[in-house]
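Engineer: Provide a 3D model corresponding to the input given below.
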Amino acid sequence: MPDVSWFTPDRPAPHTEAYVMASRFETRTLFGAFRFFLKAPGILRQLRSAPGAYGATLRARPLRRTFLTLSAWESRDALYRFAGSDPHRSSARALRPLMRDSAFTCWAVDADGLPLGWDEAERRLANQEATR
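Structural biologist: Predicted coordinates for the structure are as follows:
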């Protein structure tokens, strides 16, 4: 799976704040990475029509068994509604036993600064992992 470039389901109003989440998932095995790979298109389709989604991107490294996500939302509640609905919810539950490690970090940005790049997300994920 190639990386998925930043896409914008909903444009935020100018001068608003966006709630950002970055995540890193590492599967235990290549089989787990393959399963993650198979679930990703359905979740990306869901994200493209999710209420309150300002943008998202995916960095896939299946041979390293690692996947990173970066998304921006209208609010924390919009992100939680997305995560709690299918296919995301059922996919996350099905993949949980296949995960070796995962990390999540959230922060707020000025929505005028979207789309986001990977540098800040990876720095924040590394800091999150260092404090565990």
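Engineer: What segments of the chain are strands?
Structural biologist: 4-7, 17-27, 53-61, 66-73, 99-110 (DSSP state E).
Engineer: I'd like to know which elements the first one is packed against.
Structural biologist: Translated: strand 4-7. The helices and strands touching strand 4-7, judged by 3 or more CB pairs under 8 Å, 6 or more residues apart in numbering; DSSP states H and E, are strand 53-61. All C-beta spots, glycine's among them, are computed from the backbone N, C-alpha and C.
Engineer: how does it look with 10 Å?
Structural biologist: helix 30-48, strand 53-61, strand 66-73 (3 or more CB pairs under 10 Å, 6 or more residues apart in numbering; DSSP states H and E).
Engineer: Just put the strands of the chain in CSV and tack on mean pLDDT, mean neighbour count and distance to residue 46.
Structural biologist: Formatted as CSV, those follow (pLDDT from 0 to 100; neighbours: other CB atoms under 10 Å; distance: least, CB to CB, whole Å):
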stretch, mean pLDDT, mean neighbour count, distance to residue 46
strand 4-7, 96, 14, 13
strand 17-27, 98, 20, 15
strand 53-61, 96, 20, 9
strand 66-73, 97, 23, 12
strand 99-110, 96, 14, 18
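Engineer: Any chance of those in CSV with distance to residue 89 as columns?
Structural biologist: Below are the strands of the chain laid out as CSV (distance: least, CB to CB, whole Å):
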stretch, distance to residue 89
strand 4-7, 20
strand 17-27, 15
strand 53-61, 16
strand 66-73, 15
strand 99-110, 15
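Engineer: Having no further points to raise, I will conclude here.
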